[in-house]
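# okay, sequence plus prediction incoming.
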Amino acid sequence: MRPEIVGGMLNTIVDSLTIQQGADMHSIMTEQLVLRPPMAGDFEIYKSFFMDAEASHFYGGPLRVDQAWRVLAAHIGHWHLRSYGIWMIEMKSTGQAIGGCGFVWPEGWPRRELTWWLLPEARGRGLAAEASRSAIRHAHEDYRWTRVETHMNDDNHAARGLVRKLNGVEIAREVFPDGLVRSVYELPCPD
(Lines give C-alpha, C1' and ligand atoms only; values in the text may rest on other atoms or scores of the structure.)
Protein backbone atom coordinates (compact mmCIF):
# COMPACT_ATOMS: atom_id res chain seq x y z
CA MET A 1 0.00 0.00 0.00
CA ARG A 2 1.11 3.56 -0.63
CA PRO A 3 1.93 5.68 2.50
CA GLU A 4 -0.95 8.09 1.73
CA ILE A 5 -3.43 5.23 1.97
CA VAL A 6 -1.93 3.93 5.22
CA GLY A 7 -1.99 7.46 6.68
CA GLY A 8 -5.62 7.86 5.69
CA MET A 9 -6.49 4.52 7.26
CA LEU A 10 -4.67 5.47 10.45
CA ASN A 11 -6.48 8.81 10.63
CA THR A 12 -9.80 6.96 10.26
CA ILE A 13 -8.83 4.55 13.06
CA VAL A 14 -7.72 7.40 15.35
CA ASP A 15 -10.91 9.38 14.63
CA SER A 16 -13.09 6.34 15.38
CA LEU A 17 -11.25 5.71 18.67
CA THR A 18 -11.83 9.32 19.68
CA ILE A 19 -15.54 8.95 18.98
CA GLN A 20 -15.81 5.61 20.79
CA GLN A 21 -13.84 6.81 23.82
CA GLY A 22 -15.26 10.35 23.88
CA ALA A 23 -16.82 9.95 27.35
CA ASP A 24 -13.39 9.39 28.90
CA MET A 25 -11.69 12.10 26.85
CA HIS A 26 -13.27 15.24 28.25
CA SER A 27 -12.71 18.97 27.77
CA ILE A 28 -12.18 21.80 30.26
CA MET A 29 -13.18 25.44 29.78
CA THR A 30 -11.34 28.42 31.26
CA GLU A 31 -11.94 32.14 30.82
CA GLN A 32 -10.01 32.29 27.53
CA LEU A 33 -9.32 28.66 26.66
CA VAL A 34 -10.80 25.30 25.81
CA LEU A 35 -8.63 22.36 26.83
CA ARG A 36 -9.72 19.43 24.69
CA PRO A 37 -8.32 16.01 23.86
CA PRO A 38 -6.06 15.85 20.81
CA MET A 39 -7.30 14.42 17.54
CA ALA A 40 -5.82 13.49 14.18
CA GLY A 41 -6.69 16.93 12.80
CA ASP A 42 -4.17 18.49 15.23
CA PHE A 43 -1.22 17.13 13.27
CA GLU A 44 -0.36 20.49 11.68
CA ILE A 45 0.18 22.17 15.07
CA TYR A 46 2.25 19.20 16.29
CA LYS A 47 4.32 19.36 13.12
CA SER A 48 4.78 23.13 13.45
CA PHE A 49 5.87 22.93 17.09
CA PHE A 50 8.01 19.79 17.07
CA MET A 51 9.85 20.57 13.83
CA ASP A 52 10.83 24.02 15.19
CA ALA A 53 14.24 23.50 16.82
CA GLU A 54 14.01 26.45 19.20
CA ALA A 55 10.37 25.93 20.21
CA SER A 56 10.70 22.20 20.88
CA HIS A 57 14.22 22.12 22.34
CA PHE A 58 13.08 20.93 25.80
CA TYR A 59 10.61 18.44 24.29
CA GLY A 60 13.06 16.33 22.32
CA GLY A 61 13.01 18.48 19.18
CA PRO A 62 13.53 19.25 16.54
CA LEU A 63 11.73 16.20 15.20
CA ARG A 64 11.17 14.93 11.68
CA VAL A 65 7.61 15.01 10.40
CA ASP A 66 7.12 11.27 11.08
CA GLN A 67 8.36 11.71 14.64
CA ALA A 68 5.99 14.63 15.25
CA TRP A 69 3.15 12.39 14.04
CA ARG A 70 4.23 9.71 16.54
CA VAL A 71 4.09 12.25 19.39
CA LEU A 72 0.51 13.10 18.43
CA ALA A 73 -0.34 9.38 18.20
CA ALA A 74 1.25 8.79 21.62
CA HIS A 75 -0.73 11.66 23.16
CA ILE A 76 -3.98 10.30 21.72
CA GLY A 77 -3.07 6.78 22.86
CA HIS A 78 -2.14 7.97 26.35
CA TRP A 79 -5.79 8.93 26.98
CA HIS A 80 -6.84 5.38 26.10
CA LEU A 81 -4.14 3.69 28.18
CA ARG A 82 -4.20 5.91 31.29
CA SER A 83 -7.64 7.64 31.11
CA TYR A 84 -5.95 11.06 31.23
CA GLY A 85 -3.48 12.88 29.03
CA ILE A 86 -2.49 16.03 27.20
CA TRP A 87 -5.26 18.44 26.22
CA MET A 88 -4.92 20.71 23.21
CA ILE A 89 -5.02 24.35 24.28
CA GLU A 90 -7.46 26.14 22.04
CA MET A 91 -8.37 29.83 22.09
CA LYS A 92 -12.05 30.08 23.00
CA SER A 93 -12.48 33.24 20.90
CA THR A 94 -11.06 31.82 17.64
CA GLY A 95 -10.99 28.01 17.97
CA GLN A 96 -7.28 28.12 17.09
CA ALA A 97 -5.09 25.49 18.79
CA ILE A 98 -1.96 27.07 20.28
CA GLY A 99 -0.32 24.21 22.21
CA GLY A 100 -0.84 21.41 24.69
CA CYS A 101 -1.13 20.99 28.45
CA GLY A 102 -1.89 17.99 30.60
CA PHE A 103 -0.56 14.90 32.26
CA VAL A 104 1.71 12.14 31.02
CA TRP A 105 3.15 9.03 32.57
CA PRO A 106 5.17 7.15 29.97
CA GLU A 107 6.08 3.56 30.73
CA GLY A 108 9.30 3.45 32.76
CA TRP A 109 8.92 7.01 34.07
CA PRO A 110 8.74 7.23 37.89
CA ARG A 111 5.40 9.10 38.15
CA ARG A 112 2.93 11.14 36.16
CA GLU A 113 3.66 14.81 35.58
CA LEU A 114 2.06 18.00 34.31
CA THR A 115 3.59 19.16 31.07
CA TRP A 116 2.80 21.94 28.62
CA TRP A 117 3.98 23.42 25.34
CA LEU A 118 2.97 26.47 23.34
CA LEU A 119 3.64 27.71 19.84
CA PRO A 120 6.13 30.62 20.04
CA GLU A 121 3.52 33.19 18.94
CA ALA A 122 1.26 32.22 21.89
CA ARG A 123 3.91 32.68 24.57
CA GLY A 124 4.18 35.56 27.02
CA ARG A 125 0.42 36.10 27.39
CA GLY A 126 -0.26 33.99 30.51
CA LEU A 127 -1.98 31.22 28.53
CA ALA A 128 0.26 28.39 29.76
CA ALA A 129 -0.42 29.49 33.36
CA GLU A 130 -4.18 29.62 32.74
CA ALA A 131 -4.18 26.17 31.14
CA SER A 132 -1.91 24.70 33.83
CA ARG A 133 -3.98 26.07 36.73
CA SER A 134 -7.09 24.55 35.20
CA ALA A 135 -5.37 21.18 34.67
CA ILE A 136 -3.98 21.16 38.24
CA ARG A 137 -7.39 22.03 39.71
CA HIS A 138 -8.98 19.28 37.59
CA ALA A 139 -6.43 16.74 38.81
CA HIS A 140 -7.07 17.57 42.46
CA GLU A 141 -10.85 17.98 42.29
CA ASP A 142 -11.96 15.56 39.57
CA TYR A 143 -9.24 12.91 39.44
CA ARG A 144 -8.83 13.19 43.26
CA TRP A 145 -5.04 13.11 42.99
CA THR A 146 -3.32 14.07 46.23
CA ARG A 147 -0.22 15.33 44.43
CA VAL A 148 0.45 17.00 41.09
CA GLU A 149 4.05 17.44 40.06
CA THR A 150 6.20 18.48 37.15
CA HIS A 151 9.76 17.40 36.36
CA MET A 152 12.04 20.24 35.33
CA ASN A 153 15.13 20.31 33.14
CA ASP A 154 17.67 22.66 34.76
CA ASP A 155 18.09 24.75 31.60
CA ASN A 156 14.39 25.38 30.98
CA HIS A 157 14.18 28.86 32.51
CA ALA A 158 10.79 29.74 30.98
CA ALA A 159 9.23 26.63 32.52
CA ARG A 160 10.81 27.46 35.88
CA GLY A 161 9.16 30.87 35.70
CA LEU A 162 5.79 29.23 35.11
CA VAL A 163 6.32 26.83 38.01
CA ARG A 164 6.98 29.86 40.26
CA LYS A 165 3.69 31.45 39.06
CA LEU A 166 1.95 28.17 39.91
CA ASN A 167 3.48 28.24 43.44
CA GLY A 168 5.45 25.08 42.75
CA VAL A 169 7.73 23.79 45.49
CA GLU A 170 10.87 21.80 44.70
CA ILE A 171 10.55 18.48 46.55
CA ALA A 172 13.35 16.39 45.02
CA ARG A 173 16.19 16.04 42.54
CA GLU A 174 16.14 12.76 40.64
CA VAL A 175 17.89 10.95 37.82
CA PHE A 176 15.26 10.04 35.23
CA PRO A 177 15.25 7.06 32.86
CA ASP A 178 16.70 9.20 30.04
CA GLY A 179 19.78 9.89 32.24
CA LEU A 180 18.96 13.56 32.96
CA VAL A 181 18.86 14.91 36.50
CA ARG A 182 15.70 16.94 37.01
CA SER A 183 14.07 18.92 39.80
CA VAL A 184 10.68 17.60 40.87
CA TYR A 185 8.15 20.28 41.81
CA GLU A 186 4.87 19.76 43.62
CA LEU A 187 2.10 21.99 42.27
CA PRO A 188 -0.64 22.91 44.76
CA CYS A 189 -4.31 23.20 43.85
CA PRO A 190 -4.99 26.82 42.81
CA ASP A 191 -7.45 28.85 44.89
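Ah, there it is.

# next helix or strand past the helix or strand bottoming out on mean pLDDT in the chain?
The weakest-scoring helix or strand in the chain, judged by mean pLDDT, DSSP states H and E, is helix 3-20 (a mean of 37). Of the helices and strands lying after helix 3-20 in sequence (DSSP states H and E), the nearest is strand 28-29.

# which residues are contacting that next one?
34-36, 87, 92, 134-135, 138 (CB atoms under 8 Å, 6 or more residues apart in numbering). The C-beta positions use only the backbone N, C-alpha and C, and glycine is treated the same way.

# give the contact list for Phe103.
Contacts of Phe103 by CB under 8 Å, 6+ apart are 82, 84-86, 112-115, 135, 139, 148.

# thinking again about what came up before, out of the contacts of strand 28-29, flag the one nearest to Asp52.
Among the contacts of strand 28-29, Trp87 lies closest to Asp52 (CB to CB), at 20.6 Å.

# and the helices in the protein?
Here the chain has its helices, by DSSP state H, at 3-20, 43-50, 65-82, 127-141, 157-165.

# count the residues that sit near the closest residue to Arg36 other than its chain neighbours.
What sits nearest to Arg36 in space, not counting adjacent residues and going by CB to CB, 6 or more residues apart in numbering, is Ser27, at 4.2 Å. Ser27 is flanked by 12 other residues according to other CB atoms under 10 Å.

# ok, Ser27 - contacts?
For Ser27, the contact set (CB under 8 Å, 6+ apart) comprises 34-37, 87.

# so which pair among those is furthest apart in space?
Maximum distance among the contacts of Ser27 (CB to CB): 10.8 Å, for Val34 and Pro37.

# the two: who's more crowded?
Set side by side, Val34 and Pro37 show more neighbours around Pro37, with 22 against 17, by other CB under 10 Å.

# hmm, Met88 and the more buried one touching each other?
Yes: taking contacts as CB atoms under 8 Å, Pro37 lies within contact range of Met88: 7.2 Å.

# pLDDT weak spots in this protein?
Within the chain, the ranges that satisfy pLDDT under 70 run 1-24.

# before we move on, back to that, show the buried residues in the contacts of Phe103.
Buried positions within these, assessed by neighbour count (16 or more other CB atoms under 10 Å), are 84-86, 112-115, 135, 139, 148.

# wait, which of those residues is closest to Val163?
Nearest to Val163 among these: Leu114, at 9.4 Å, using CB to CB.
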